[in-house]
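Enquirer: fold the following for me, if possible:
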Amino acid sequence: MTEEPPAHPEHGPEDLCAAGTALYTLALREGRVSAREAAATPCLTAHGLLQPSVGDLDWLEPVPPAVALHQLLDASAQRVAEERRREARLSATFEPLMRVDGRRTAGADAGAVRVLSGIPRINQAISAVMADAASELLCIQPNIHYGDRRGQVSQQLSLRRDQEMLDRGARIRTLYQHTQRHLPLVRARYEQLRGDAEARSLDEVTDRLIIVDRRVAFIPAGAEATLALEVRHPALISFFVTTFERFWRLATPMHPHAAQRPSLDGITPRQRTIAALLVEGHTDTDIADRLGMNVRTARVHIAKLAATLGSESRAQLGYLIAESGILRQRDVDQ
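Expert: Numbers count the residues shown, from 1 in each chain. Next up is the predicted model:
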């Protein structure tokens, strides 16, 4: 029983197989090849590189490469032209349908939310939107570390984008977590920026938020920094702007003029925030995570708060916080 030869893989003339290339080269040198030899490489006849000999059908003659190339390019051009004609017919068919006024008609909400995957694509999308912006940039920056090289590159890219917006007369307002206000990179950023750039800080902020000209927003789409959403839905944009403005009114100015947050009976605003979280039942680790600090720093603040209030235990501290009135004063300040 004879074995059948393996099936020849399908491919286009632009990806001519090695066997086909070798046989076509031989045909060009010899002037012909036998039909039996060419049976193993049907791609040569399929793509018009070999044709039957007029005098003897058992032989195949090569089509000159220049002629074959011209024929293949002409066929490709015809396919492209047909696709263009098809596109024109599709546009003519759907253009009146897109003017139909109905709930299912694709209108202003089409493409309202787009998923962006990968840091390069996210940065590219933000840069493209900011390049067309000339009014305002609102930004919330949580506790982000710029220690690694990737973070420093992102910082430089962000600085360049912001400066280009400021040069066009735009305004930039940024909210940071309070633990970031003294970071060298954050301070250096505002020493370099020229224009109407303001920054404030809060003990707690949302995840990262970027709003450009109150028409496009970017938010995280997961725990990792490699997924983001580009949002253009007017209702969502309005919600994001309202959230930002409320945080902004509660925040402490840090640029262009830093403001000292007032203490109350020796208790700092940071300690009052921690006191509120303690009363809510949060652990030291939870408090540290929410306020962007390490656990040891959080425990130092808790110890100082306990010493100021005269507490000797965690349970007593919660009672003294409630009795002291510092949380009511915190609500008044906000």
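Enquirer: who's in contact with T174?
Expert: L138, C139, I140, Q141, A197, E198, A199, R200 (C-beta atoms under 8 Å, 6 or more residues apart in numbering). The way it works is simple: take the backbone N, C-alpha and C, and place the C-beta from them, glycine included.
Enquirer: turn these into JSON lines, columns for pLDDT, distance to V67 and neighbour count.
Expert: Converted to JSON lines, these look like this (pLDDT from 0 to 100; distance: C-beta to C-beta, whole Å; neighbours: other C-beta atoms under 10 Å):
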{"residue": "L138", "pLDDT": "95", "distance to V67": "64", "neighbour count": "23"}
{"residue": "C139", "pLDDT": "94", "distance to V67": "62", "neighbour count": "19"}
{"residue": "I140", "pLDDT": "93", "distance to V67": "65", "neighbour count": "23"}
{"residue": "Q141", "pLDDT": "87", "distance to V67": "64", "neighbour count": "19"}
{"residue": "A197", "pLDDT": "86", "distance to V67": "66", "neighbour count": "21"}
{"residue": "E198", "pLDDT": "88", "distance to V67": "70", "neighbour count": "16"}
{"residue": "A199", "pLDDT": "88", "distance to V67": "69", "neighbour count": "24"}
{"residue": "R200", "pLDDT": "89", "distance to V67": "73", "neighbour count": "21"}
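Enquirer: going by distance to A217, which of those wins?
Expert: Closest to A217 out of the contacts of T174 is L138 (8.7 Å), distances taken as C-beta to C-beta.
Enquirer: how near is the nearest residue to the closest one once chain neighbours are set aside to P269?
Expert: Using C-beta to C-beta, 6 or more residues apart in numbering and skipping residues adjacent in sequence, the residue nearest L138 is I211, 4.1 Å away. From I211 across to P269, the span is 26 Å (C-beta to C-beta, to the nearest Å).
Enquirer: quick revisit: partners of the helix or strand hosting the residue nearest to L138, with directions?
Expert: Using DSSP states H and E, I211 falls within strand 209-212. Note on strand 209-212: by DSSP bridges, its sheet partners are strand 136-141 (antiparallel), strand 216-220 (antiparallel).
Enquirer: give me the mean pLDDT for it.
Expert: Confidence for strand 209-212, expressed as mean pLDDT, is 94.
Enquirer: do the same with stretch 217-231
Expert: On average, stretch 217-231 scores 88.
Enquirer: re the thing from before, turn the contacts of T174 into CSV, including distance to I274.
Expert: Converted to CSV, the contacts of T174 look like this (distance: C-beta to C-beta, whole Å):
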residue, distance to I274
L138, 28
C139, 26
I140, 21
Q141, 21
A197, 30
E198, 27
A199, 23
R200, 20
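Enquirer: of the residues you listed, which pair is most distant in space?
Expert: Between any two of the contacts of T174 (C-beta to C-beta), the greatest distance is 14.9 Å, for I140 and A197.
Enquirer: how about the contacts made by P13?
Expert: Applying C-beta under 8 Å, 6+ apart, the residues contacting P13 are C43, H47, L49, A68, L72.
Enquirer: list the buried residues of the helix or strand where the fourth one lies.
Expert: Which is A68. For A68, the host element (DSSP H and E) is helix 65-94. Burial within helix 65-94, assessed by neighbour count using 16 or more other C-beta atoms under 10 Å, is assigned to A68, L72.
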